[in-house]
Structure formats: structure tokens, C-alpha cells
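>>> build the 3D model from these lines:
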Amino acid sequence: MTEVFAPTSAGRTATLRDVARLAGVSTATASKAINGRPDVKAATRERVLEAARQLAFSPNAVARSLSAGRTGTVGLLTSDLEGRFSLPVLMGAEDALGVHETSVFLCDARGDAIREQHHIRALLSRQVDGLIVVGARPDSRPSLGQHLPVPVVYAYSPSEDPQDLSLVVDNEAGGRLAVDHLITSGRTRIAHITGDPGYGASHDRVRGARERLAEAGLGLAGDQVWFGSWTEGWGRGATRMLLERNPGVDAIFAGSDQIARGVLDVLHEKGLRVPEDVAVIGFDNWEAMAGESRPALTTVDMQLEVLGRRAAEHLSAAIAGRSRKGTVELPCRLVQRSSTAPVL
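Predicted structure coming up:
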């Protein structure tokens, strides 16, 4: 007669005792078999493992890792889960952690400091091995402090504390890269329309752009930076004012792809050809915006998924005892499309 074991009641997770009962062994023997101890007969081990498969039994990860002092879990804390910039960072971090079979707890503080502290307490109560903090904008943010029992890595938004480890985009080099591309394409009358002057990244990009222009013996058209907002509307308005004051510009470096779309609208409106009359380059490489522009927009990619992966790698190193501090700047890359071309 075949004995049938009723697995577990609905909604209850199988335990080691359930596995031992189904396999017909003691709980101690079942534990040894599952953990690969050598003092268990092969037939017994196979019986225990088969019972575990039948019951979909998964050993408690926290309990199994206590001897190593780790749980194989990491907390990802963001303040803008729906953000266009934070999402790629989160995706990159999760991809890198997944390679090492590290589980991720994702929390969204929605820009609320009290909610953030609540999430931190909750994550620490789950005994996470470390935290990655992803900001919504590239400006510095308050540190979580040096008192936390686990390592912390800040991504995209750097910590104000130099004792922390922060990974950020090298926006100055990004501005330099954009203008270098325009100069090497033969452009000499280059204007810059960008967004909110309250963003440190805006000024970093301006600094990189001006430095590259100076090296070529050039300056910004009209010796002016057009600060405004990160919108197509501002791109349109600024371009109209720019063309009134400096009708001879032959290139425009836009501080975002959205601004660049507005720039393109007005150039078309004025009958100026892109890139033959005026070359246009954006910043962000937002595929939905840059790829669908007419013509398709050359832009600077901040490589945010790479940033997320590097943050996860640094966190893994810190968990293993190889921690570091300071700010690490990661390079941007140029994505060339049809809105720029060499002057013939």
C-alpha cells in the first residue's frame, strides 16, 4: 500500500519538519541531507531532497546565512520610483545584484524624509546586507549617517558627506563631449540652451562646454547661457529669442532632449535645415524623445544603467569588507544620430 502524505494546509509554508516526516527521517537527518553533510547515505539524501521538491520547501535564507553573517538581501531606496532618471539606475543595480542571486527589497520614499527613515528601519529589521540610495536629481543629498550597521552606496544623487561612497555622472565631461562633437563637425557659432539653474548639473555641463570652446579659441554665441526649465516649451521660447539676437548660430547644445525637441520645432518653423544650417545636440538619450525626433537627435547618454550596476558592484565589495569612500564620477557617451553632421 502506498502511503500518501498530505503536504501542508493551504497558505502554510512547508517546514523542515514536514520534509523529514515525508521522507521518513528525523529532522536532524533531513537538515544534514539538505545542507550537504557527508554523514548521510546517498539513498537517504535523495529521499529527503525528493520530499523537499514535492513540498516546494526552501530553507530559510536568513537562517542558512547566519554563519556567514549575511542574508543575501539588499535594500534599494529611491525617492522617485517613477522617475525617468532613477528607474534606469535601479534597473542596472538590480541586474547586477541578480547575477549574484542577491534578493532586492525596493522602497520608494517619494521625497519624504520621514517615509525614508521608516523604510530604512524596515529594511534593517529584515537584516539586509547593505543599501543603495538612488536620488531623483543629480544634486547632493543628506547622508544617512555613519551609524548604520550595513554599508551604504549613493547613486546619481551624491551624499553630502565625503566619508560616504557616491557614484555620479560626470556632467562636466558630458558638456565637454557635446561641444567637442560640434566643434569637430566644423561648427563655430555654438549656443547653449539649458534648464533650471538650481541644478548643479546644469552648471557642470556649462563649465565643460566653455572649457572645450576656449581650447578651440571660441566662446558661446552671444557669450550667454540660456537657463530656463527642462521643457519643450522653454526650448521653443529660448530658440526664438536666440535667433533674434544671434541669427548666425550654426549649432545649439540643448541641456536635455526635451529642450532639444523644442529647439527643433522652432528651427523647422523658421525654415532652417537640421543639420545643414544648424546642428542640434541634446542630453539624456531619452529614447522616446531622441529617437522619435525629426531628424533623430544626437545626444549625450549618461549611461544610468551602468551607474546602477557599478553601484551594486561597489556595494557587494563593501559587504565583503572592501569598502571605499568619496565620489566616483562615471563617463557619459555620445550617441550620434541625424541632427548633427560635418559641415561640407
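>>> low pLDDT regions in the stretch 101-250 of the chain?
Scanning the stretch 101-250 of the chain for pLDDT under 70 picks out no residues.
>>> would you map the strands across it?
Taking DSSP state E, counting those that start in this stretch as the criterion, the stretch 101-250 of the chain carries its strands at 103-108, 131-134, 152-155, 165-169, 190-193, 225-226.
>>> so in that sheet, which strands flank the second one, and in what orientation?
Next to strand 131-134 in the sheet, as set by DSSP bridges, lie strand 73-78 (parallel), strand 152-155 (parallel).
>>> try the last one
When pairs are called by DSSP bridges, strand 225-226 turns out to pair with strand 190-193 (parallel).
>>> in CSV, list the C-alpha atoms belonging to the strand it pairs with.
Extracted C-alpha coordinates of strand 190-193, given in CSV (Å, rounded to 0.1, in the frame of the first residue of the first chain):
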residue,chain,number,x,y,z
ILE,A,190,27.6,77.4,-30.8
ALA,A,191,24.8,78.3,-28.4
HIS,A,192,23.7,76.6,-25.2
ILE,A,193,20.1,76.4,-24.1
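>>> now stretch 179-196, how far from the chain's geometric center?
Taking Cα atoms, centre = their mean, to the nearest Å, one finds the center of stretch 179-196 at 27 Å from the center of the full chain.
>>> quote the end-to-end distance of it.
Using Cα to Cα, to the nearest Å, one end of stretch 179-196 lies 20 Å from the other.
>>> ok, and for it, which residues are buried?
179-183, 185, 187-195 (16 or more other Cβ atoms under 10 Å). All C-beta spots, glycine's among them, are computed from the backbone N, C-alpha and C.
>>> got it, and stretch 315-325?
Within stretch 315-325, the residues that count as buried by 16+ other Cβ under 10 Å are 315-316, 318-319.
>>> next one: stretch 220-235
The neighbour-count check on stretch 220-235 (16+ other Cβ under 10 Å) flags 220-221, 225-230, 232, 234-235 as buried.
>>> now the residues you listed in CSV, with distance to residue 17?
Putting those into CSV (distance: Cβ to Cβ, whole Å) gives the following:
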residue, distance to residue 17
220, 74
221, 77
225, 70
226, 71
227, 67
228, 67
229, 63
230, 59
232, 63
234, 66
235, 66
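>>> what is the most widely separated pair among these?
In the buried residues of stretch 220-235, two members sit farther apart than any others by Cβ to Cβ. They are 220 and 232, at 21.8 Å.
>>> quickly list the domain ranges of the chain.
The chain breaks down into these structural domains: 16-59, 71-169+304-331, 171-302 (assignment by automatic domain parsing).
>>> can you tell me which of those domains is most buried?
The highest mean neighbour count among the domains of the chain, using mean count of other Cβ atoms under 10 Å, belongs to domain 171-302: a mean of 20.
>>> okay, and residue 252 sits in which element?
In the assignment (DSSP states H and E), residue 252 maps to strand 251-254.
>>> from the chain's centroid, how far away is that strand?
The chain centre lies 26 Å from the centre of strand 251-254; the measure is Cα atoms, centre = their mean.
>>> mean confidence score for the helix or strand just after it?
Read in the C-terminal direction, the helix or strand following strand 251-254 is helix 257-269, with elements assigned using DSSP H and E. Over the span of helix 257-269, the pLDDT mean works out to 97.
>>> give me the residues contacting helix 257-269.
193-195, 228, 230-240, 243, 252, 254, 273-274, 277-278, 280-286, 289-290, 293-295, 297, 299, 339 (Cβ atoms under 8 Å, 6 or more residues apart in numbering).
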